[in-house]
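**Student:** Have a look at this fold, sequence not included:
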């Protein structure tokens, strides 16, 4: 009759609890040690011209919505929405987070409301979790004001006198100004002289019906056309909140710029949705360790039989 070793018997009784404990530790240890994080990165060298399309992406395992803000010269330190430089300080544009914790945002800088506030300078883009504003990270990019641009024309009333001004490329003596309706039909064409410093200023009286119109500024020597969208509304009726972008590019390029899907959202701390819990990179190893211990245990039992 074989006597059981008390030490081995106690070890055998603790075998499965120990194996399970090892597996649990391997699986949850990184989760316990990893903070809820938000990250941000951009595509390119970090230097862009105002009007460019810039792609940002990153991770957010703190919640399900990422908020983007911008701050820099002339802007609040708490940031404003990347699509509205005149927005409420601390508010931002929101981007949904994918199931794997990643997010992506394509920023059409030509569509920025208040774009005239931007100058050639370095700006900081802030990414934060909408439900946990403390979870934040930032990156900086250099934005360059183009050598030619058109100052904004936001709204007008029938019969109102409107002034259009801007900076043209050096060496250009005049610019052609086309006024087109929403269907692209040109209603008026004006020629404005350009000063020796490159500036131009031209005034015209609005003689069209209420609606959305486009001002296109061009010159035969230019590769690009400067475009500005503005609204004509009846006198006494508030103008709808319409983004009037300064777009640098050909008419075909500017017409394909998609509508902005993100919204201007004020930061209001709230309970976020269930945070995503990523699996540990050690999870496969935990399975291997547990499987190996079980095999060793079964082999030992068979030998005893």
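**Tutor:** Thanks, I have the structure now. The model shown is predicted, which means the values in this text are computed figures rather than measured ones.
**Student:** Quick check: which ranges of the protein have low pLDDT?
**Tutor:** Where the chain drops to pLDDT under 70, the residues are 1-36, 152, 170, 236-305.
**Student:** Please, where are all the helices along it?
**Tutor:** Counting by DSSP state H, the chain has helices at residues 6-33, 251-254, 283-304.
**Student:** What are the boundaries of the strands in the stretch 151-300 of the chain?
**Tutor:** Ranges of strands within the stretch 151-300 of the chain are 155-156, 161-167, 174-180, 186-193, 199-205, 211-218, 225-232, 246-249, 264-265, based on DSSP state E, counting those that start in this stretch.
**Student:** can you list contacts of the fifth one?
**Tutor:** Looking back up the chat, that one is strand 199-205. Outside strand 199-205, the residues that touch it by C-beta atoms under 8 Å, 6 or more residues apart in numbering are 159-168, 175, 177, 179, 188, 190, 192-194. In short, each C-beta sits where N, CA and C put it, glycine included.
**Student:** Quick one, which of these are buried?
**Tutor:** The neighbour-count criterion (16 or more other C-beta atoms under 10 Å) marks 162, 164, 166-168, 175, 177, 179, 192, 194 among the contacts of strand 199-205 as buried.
**Student:** which of those residues sit farthest apart?
**Tutor:** Spatial extent of the buried ones among the contacts of strand 199-205 (C-beta to C-beta) is set by the pair 167 and 179 at 20.1 Å.
**Student:** Can you get me the start-to-end distance on stretch 72-88?
**Tutor:** Criterion C-alpha to C-alpha, to the nearest Å; first-to-last residue distance in stretch 72-88 is 15 Å.
**Student:** Buried residues of it, list them for me.
**Tutor:** Those would be 72, 75-76, 79-85, 87, for stretch 72-88 by 16+ other C-beta under 10 Å.
**Student:** Sitting in strands, which of the residues you listed do you find?
**Tutor:** Counting by DSSP state E, the part of the buried residues of stretch 72-88 found in strands is 80-81.
**Student:** Name the nearest of the buried residues of stretch 72-88 relative to residue 101.
**Tutor:** Distances from residue 101 to these, taken by C-beta to C-beta, are shortest for residue 82, at 21.3 Å.
**Student:** Could you double-check that that closest one lies in contact with residue 70?
**Tutor:** Yes. Counting by C-beta atoms under 8 Å, residue 70 is a contact partner of residue 82 at 4.8 Å.
**Student:** Need the residues touching each of the two.
**Tutor:** Common neighbours of residue 82 and residue 70 (criterion: C-beta under 8 Å, 6+ apart): residue 125.
**Student:** ok, now how distant is residue 167 from residue 96?
**Tutor:** 38 Å (C-beta to C-beta, to the nearest Å).
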